[in-house]
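1. Coordinates for the following, if possible.
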Amino acid sequence: MYCVLKFGGSSVATIARIEHVTNIIKQYLQNKIKVIVVVSAMQGATTHLLEMTNNFCPTLDDEVDVVLSTGEQISVGLLSLCLKQNGIKAVSMLGWQVPIIVENNNIIDINKDCILSMLKHDQVPIIAGFQGITKHNRIMTIGRGGSDATAIAIAAAILSECVIYTDVDGVYTADPRVVTNAKRLTSISYDDMYAMSLTGAKVLQDKSVEIAKKSKVNIRVLSSFTSDNIGTLVTDKTNYYRNIKIAGFAHSKDFYIDNKNRLCKNYQTQNSRRVGVITATGPDANKIQKPEDCLAFWTTESQATIVVKYHETEFMLNKLHDAYFL
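-> Sure, this is the predicted structure:
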């Protein structure tokens with residue numbers, strides 16, 4: 001039995017946390033489960049590397065990818081060393097060593113034979129997420145949060161489940177750091193998870209959910225900081241928390257209304273004003289009523305979008321969540 005385990009930056013942020021991740025991996029191996037491990041850069045590392053590249057190249061350049069990919073190299077090396085110290089035959093691998101073939105920042109092929117050969121010899125592949133190599137032998141990254149996509153693409157290639165270990169213990173009806181009474185979902189559909197990821201939820205990269213849906217890879221989201229092994233299952237079907245079919249609310253404060261009254265993301269002009277955007281996702285999201293005092297409101301078949309004043313984003317998110325989930 002195979003399983004792909006992905007550990008995010010917060011899970012490997014310190015030596016102590018790397019040692020904790022090692023214990024998690026040992027538990028799988030003790031249960032006779034062969035694992036492939038995908039690791040992100042240590043928390044904050046990619047941002048620091050990006051800031052350094054901005055001193056020389058504010059625009060896109062493939063040399064930026066060369067710099068950014070080094071964050072994961074440190075993580076896989078340290079985790080492999082820790083595993084070896086615990087008697088586990090770990091082998092670190094960068095994207096080009098597998099290889100993971102990337103084109104236009106998307107994974108297009110993975111050499112699964114290399115991975116399966118290592119598993120056959122009872123080795124544990126520790127693979128760098130977020131990166132691959134082009135057909136022209138150039139390193140290319142696959143976007144922030146791209147380690148999710150790496151893990152799920154590998155799971156699709158070897159036909160296994162993927163477990164995403166992060167700093168939250170599942171997917172919630174809203175960000176639990178903002179909405180204290182948010183409810184953890186036992187399951188969520190690919191479509192709902194994709195919509196929430198696209199509109200502000202940071203649990204999974206939206207690109208990774210697309211890969212999972214296309215390949216029918218089940219994803220389980222767990223926390224590396226708790227012993228809970230239930231989390232949230234991302235799959236093709238789901239049961240909604242209430243009779244009204246809304247998976248939850250996502251929010252983002254990275255939007256602006258420009259001087260032509262257009263809603264723009266990560267865009268600022270001299271006369272623009274920053275706003276918050278709250279989205280509800282699910283088959284019944286179009287039944288949500290327009291809240292008072294919102295700046296704009298519209299619905300589609302499975303999504304409602306509410307634009308609010310920047311400083312009222314958290315207040316409105318809690319108000320909406322209470323109305324539909326309490």
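2. remind me which residues of the stretch 201-326 of the chain are low pLDDT?
-> 267-270, 326 (pLDDT under 70).
3. in it, which spans are helices?
-> Using DSSP state H, counting those that start in this stretch, the helices found in the stretch 201-326 of the chain span residues 206-215, 313-325.
4. Now for S92, how many residues are close by?
-> Neighbour count of S92, defined by other C-beta atoms under 10 Å: 23. Heads up, the C-betas are built off the backbone N, CA and C, glycines and all.
5. nope, T235 is what I meant
-> Using other C-beta under 10 Å: T235 sits among 19 other residues.
6. which residue sits closest to it, ignoring its sequence neighbours?
-> Counting by C-beta to C-beta, 6 or more residues apart in numbering, T235 lies nearest to N218, which is 5.1 Å off, once chain neighbours are set aside.
7. Pull the contacting residues for the one you found.
-> N218 is in contact with E161, C162, A212, L233, V234, T235, counting by C-beta atoms under 8 Å, 6 or more residues apart in numbering.
8. and if we set it to 10 Å?
-> 152, 155, 160-163, 187, 190, 212, 233-236 (C-beta atoms under 10 Å, 6 or more residues apart in numbering).
9. Give me the buried subset of these.
-> I152, A155, S160, E161, C162, V163, S187, Y190, A212, L233, V234, T235 (16 or more other C-beta atoms under 10 Å).
10. What is the nearest of those residues to L263?
-> Ranked by distance to L263 (C-beta to C-beta), the buried ones among the contacts of N218 are led by Y190 at 26.2 Å.
11. quick one, phi/psi of the closest one?
-> Dihedral pair for Y190: phi -60, psi -50, per degrees, to the nearest 10.
12. contacting residues for it?
-> By C-beta under 10 Å, 6+ apart, Y190 lies in contact with 209-214, 216-219, 234-238.
13. can you check L29 too?
-> V35, L83, I88, D122, V124.
14. and the first one, helix, strand or coil?
-> Translated: V35. Secondary structure for V35, judged by DSSP: H, G, I helix; E, B strand; the rest coil, is strand.
15. Distance-wise, check it relative to L79.
-> Taking C-beta to C-beta, to the nearest Å as the measure, V35 falls 12 Å from L79.
16. likewise the third one?
-> Distance from I88 to L79, counting by C-beta to C-beta: 10 Å.
17. same thing with A304?
-> From A304 across to L79, the span is 42 Å (C-beta to C-beta).
18. same deal with V307?
-> Applying C-beta to C-beta, one obtains 42 Å for the distance of V307 from L79.
19. Show me which of these two is the more surrounded one.
-> The neighbour comparison of V307 against L79 (other C-beta under 10 Å) goes to L79, with 24 against 18.
20. For the helix or strand hosting the more buried one, output the C-alpha coordinates as PDB.
-> For L79, the host element (DSSP states H and E) is helix 70-85. Output of helix 70-85 as PDB, limited to C-alpha atoms (Å, rounded to 0.1, in the frame of the first residue of the first chain):
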ATOM      1  CA  THR A  70      16.700  26.100  -3.200                       C
ATOM      2  CA  GLY A  71      14.300  26.400  -0.200                       C
ATOM      3  CA  GLU A  72      13.000  22.900  -0.800                       C
ATOM      4  CA  GLN A  73      16.500  21.600  -1.200                       C
ATOM      5  CA  ILE A  74      17.300  22.500   2.400                       C
ATOM      6  CA  SER A  75      14.100  20.900   3.600                       C
ATOM      7  CA  VAL A  76      14.500  17.600   1.900                       C
ATOM      8  CA  GLY A  77      18.100  17.300   2.900                       C
ATOM      9  CA  LEU A  78      17.400  18.000   6.600                       C
ATOM     10  CA  LEU A  79      14.400  15.700   6.700                       C
ATOM     11  CA  SER A  80      16.400  12.900   5.000                       C
ATOM     12  CA  LEU A  81      19.200  13.300   7.500                       C
ATOM     13  CA  CYS A  82      16.800  13.100  10.400                       C
ATOM     14  CA  LEU A  83      15.100  10.000   9.000                       C
ATOM     15  CA  LYS A  84      18.500   8.300   8.500                       C
ATOM     16  CA  GLN A  85      19.500   9.100  12.000                       C
END
